[in-house]
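A.B. asks: for reference, the sequence and a predicted model appear below.
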Amino acid sequence: MYAIIAHGGAGKVREKDPKEVENGMKKAVEAGLEVLKNGGRALDAVEATVNVLEDDPLFNAGTGSVLTFDGEVEMDAAIAYGPNLDFGAVAGVKNIRHPISLAKKVMEKTDHVLLAGNGANDFAKLMGFEYHDPITQKRKEQWEKYRKQFINGDYKDWPKLRKLFQEHPEFLHGTVGAVAVDSHGECAAATSTGGVFLKLLGRVGDTPIPGAGTYATPFGAASSTGLGEGMMRVLITKVAADFLGMGLDAPHAAEAVLNYLNNTVGTEAGIIIVDRHGEVGMAHNTPDMPHAYFKEGMSEIKVAMR
Ligand code: ASP
């Protein structure tokens, strides 16, 4: 039983965007489904899905990533392959089009798990990734506005980030992720992000950390979105994978792990999960989390905002 579910970030979708966000999610899941339907691997399916979302400027990954406090884009991405707990990730990578594909290269071509900063950028050049400017005009305008508000004191200090995101969940919207199980029963996860608005240079979120933003085991796979500083402390995707290993199915694991997060750090979060039997699950504590999924046997892809 193959299945795939993708998310477009936990947060709040602006009123004028839903239709475009839905179309973007659907197109992305179609790309992954194409791989799965033809007997391909979950690993390639989640990469294909995330590549489409990285190219869509509506989402905070690849082109359209949010800007750091200094006005740059530093992207994080990770891919996880369940059968043998393989993992590849990049952090703080600049000027490439598809960070998730670079993360996959880390997994396949190196003995490392995570490459960061200059080393990750040099590795991208070595792997033949071409220069690409991911900064869009719209993100630049948002950055100018938010930065001004921040400097004028309309925003609270960094330690109050949690409050900031509770008041403005739209800041979080846009990270992307996909998890899939293929017809061989193999599970994989992929997550890609520009991080959070106005982050300090060098800040790394949950996305590229194994078991935080991204994880896959023989029992299933999970990808999370929301405030990374919370997810890294909870290790939300690792806890989700453990729940699957203990026998919960994907929908119950999603509910259980979100409860755990709500009862501990209580930060903004969303998660998508697939289990090896072809069930998908999702949960979030933000107003929205656009997502789309397909399970073998369904007649069409289901897309929803929350
Ligand atoms: N989890 C991402 C981060 O903290 C942000 C997001 O999901 O929107 O980097």
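C.D. replies: Sure thing, it's come through.

A.B. asks: ok, Tyr131 - how many residues close by?
C.D. replies: Tyr131: 10 surrounding residues under other C-beta atoms under 10 Å. Heads up, the C-betas are built off the backbone N, CA and C, glycines and all.

A.B. asks: residues contacting the closest residue in space to it that isn't next to it in sequence?
C.D. replies: Once flanking residues are discounted, Tyr131 sits nearest to Asn95: 5.4 Å by C-beta to C-beta, 6 or more residues apart in numbering. Going by C-beta atoms under 8 Å, 6 or more residues apart in numbering, Asn95 touches 73, 121, 131-134.

A.B. asks: could those residues go into a markdown table alongside distance to the ligand and pLDDT?
C.D. replies: Shown next, in a markdown table, are the contacts of Asn95 (distance: C-beta to the nearest ligand atom, whole Å; pLDDT from 0 to 100):
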| residue | distance to the ligand | pLDDT |
| --- | --- | --- |
| Val73 | 12 | 97 |
| Asn121 | 18 | 98 |
| Tyr131 | 23 | 98 |
| His132 | 20 | 97 |
| Asp133 | 20 | 97 |
| Pro134 | 15 | 97 |
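
A.B. asks: inside strands: which ones of those residues?
C.D. replies: With strands defined by DSSP state E, no entry of those lies inside them.

A.B. asks: any idea where the helices of the stretch 101-250 of the chain begin and end?
C.D. replies: Ranges of helices in the stretch 101-250 of the chain, per DSSP state H, counting those that start in this stretch, are 117-126, 137-151, 161-167, 228-234, 236-245, 250-263.

A.B. asks: the residue in the stretch 51-200 of the chain positioned nearest to the ligand: neighbour count?
C.D. replies: Residue nearest to the ligand within the stretch 51-200 of the chain: Thr175 (3.3 Å; C-beta to the nearest ligand atom). Counted by other C-beta under 10 Å, the residues lying close to Thr175 total 34.

A.B. asks: can you check Met246 too?
C.D. replies: 10.

A.B. asks: what's the answer for Tyr293, then?
C.D. replies: With other C-beta under 10 Å as criterion, Tyr293 counts 25.

A.B. asks: check contacts around it.
C.D. replies: 3-6, 29, 272, 280, 282, 301-302.

A.B. asks: now those: which count as buried?
C.D. replies: 3-6, 29, 272, 280, 282, 301-302 (16 or more other C-beta atoms under 10 Å).

A.B. asks: restricted to helices, list the residues you listed.
C.D. replies: Val29 (DSSP state H).

A.B. asks: let me know the closest of the buried ones among the contacts of Tyr293 to the ligand.
C.D. replies: Distances from the ligand to those, taken by C-beta to the nearest ligand atom, are shortest for Ile272, at 11.7 Å.
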